[in-house]
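Asker: Here is a sequence together with a model predicted from it:
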Amino acid sequence: MKRKWLFAALLCCLLGWLVVFPAAAQEPRAVIVDTDMTSDDFMALLYLFNNPDFSVKAITVTGTGFSFCDAGVEAALGLLALTAYGDVPVSCWQETPLLGGDSPVPAEWRTTVETVESWGLPEGGEPSTMNAVELFTATVNEAATPIEVLALGPLTNLAAAFNETPALVEKISHITIMGGAVDAPGSSVSEENTTAEWNIYCDPPAARIVFESGAPITLVALDATNDVPVTMDFLERLNAVKSTPESEFVSMLLTNNSGSIEAGGYSFWDQLATVVMADPDLVTHTEREVTVIDREGAEYGRTKPVGNGPTIDVVTKPDVATFEQHLIDTWNR
């Protein structure tokens, strides 16, 4: 009987200890966002800023995609101010691909400072004194544990960092990339090239370096994003519940793109990659051997399945309803 009383007393003490000292909350996942800062990138960042499961440690802007450097940096700093997220270092590196030449994105498609100013974002802080490659390298090296990377644009910054410091790969736990078209048709970047997708096409040599770096990679390609077009119905559902600066800003961005939405030409590209990083069960994962064609020709920039390429986790078949609701809920958090 004494043993039973002793056991009961110990159990009560243990339960009391658990009430007073609850289990520590899980630490947010540290992430670097590498982005070319166009409208879908903005929405992806606002999702991350409102998701307590993540802590954004740096934003490295790639000027080789759909935004010029100054505009991309200004927009990122403005979004940080809009959300009062805190002090996150932001910088760009260069506006030309890794091996030189010009970005293939037409200048009139690229975000400018004037465009950013027209959106009425609050004034942000100052850019980092480091360029994007230096900032990426320093952030990876200073992380207490291996860090995640979310790549939403051309892979110029990452490739340059890996070239300069190959050991960085060992300190990165995972890279989630929005880019490419494995089995799906490409973005029709030119009349001759119908196999490449824009993020990869902007700098194929850089993409190949990253694909072959040895880092674990999840590729959210057109094979998945084609299944999540933005619809006017989604915009209406968002407008019915929008209640935060983040959801208000997203509504404005989507309204500005309503012509493309109604024409079926606007998808949740970067947003899907970001939510897949948060919830991998939202999609189907298949290991594929994929290379990047980095020689000039009709397949330049293609993410091509081969028999001897690096093994990449390629995602397909997103749960559209769950994904869309998750976006709305998080932007309104």
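Answerer: Noted; the coordinates are in hand.
Asker: Which residues are in contact with residue 278?
Answerer: If a contact means CB atoms under 8 Å, 6 or more residues apart in numbering, then residue 278 has 51, 53, 54, 326 as its contacts. For the C-beta atoms, the positions are set from N, CA and C on the backbone; glycine is no exception.
Asker: could you flag which of those residues are buried?
Answerer: With neighbours counted using 16 or more other CB atoms under 10 Å, the contacts of residue 278 contain these buried positions: 51, 54, 326.
Asker: Which ones among those map onto strands?
Answerer: Taking DSSP state E as the definition of strands, those contribute residue 54.
Asker: got a list of contacts for stretch 95-115?
Answerer: Under the contact criterion CB under 8 Å, 6+ apart, stretch 95-115 has outside partners 37-38, 63-72, 74-75, 154, 156, 159-160, 189, 198, 201-203, 205-206, 209.
Asker: quick one: average confidence on stretch 61-79?
Answerer: When pLDDT is averaged over stretch 61-79, the result is 98.
Asker: swap in stretch 312-332?
Answerer: When pLDDT is averaged over stretch 312-332, the result is 98.
Asker: That one spans what distance, first to last residue?
Answerer: End-to-end distance for stretch 312-332: 33 Å, by CA to CA, to the nearest Å.
Asker: go on, stretch 262-274?
Answerer: 24 Å.
Asker: can you pull out the helices in this protein?
Answerer: Chain-ordered helices for the chain, with DSSP state H as the definition, fall at 2-20, 39-49, 69-83, 113-118, 132-142, 156-164, 198-201, 204-211, 222-225, 232-241, 245-256, 258-262, 269-278, 320-331.
Asker: Tabulate those helices in TSV, adding columns for distance to residue 89.
Answerer: Conversion of the helices of the chain to TSV gives the following (distance: least, CB to CB, whole Å):
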stretch	distance to residue 89
helix 2-20	38
helix 39-49	14
helix 69-83	10
helix 113-118	19
helix 132-142	6
helix 156-164	13
helix 198-201	23
helix 204-211	21
helix 222-225	29
helix 232-241	30
helix 245-256	21
helix 258-262	32
helix 269-278	20
helix 320-331	24
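Asker: Just say which of those helices is most tucked in.
Answerer: helix 198-201 (a mean of 28; mean count of other CB atoms under 10 Å).
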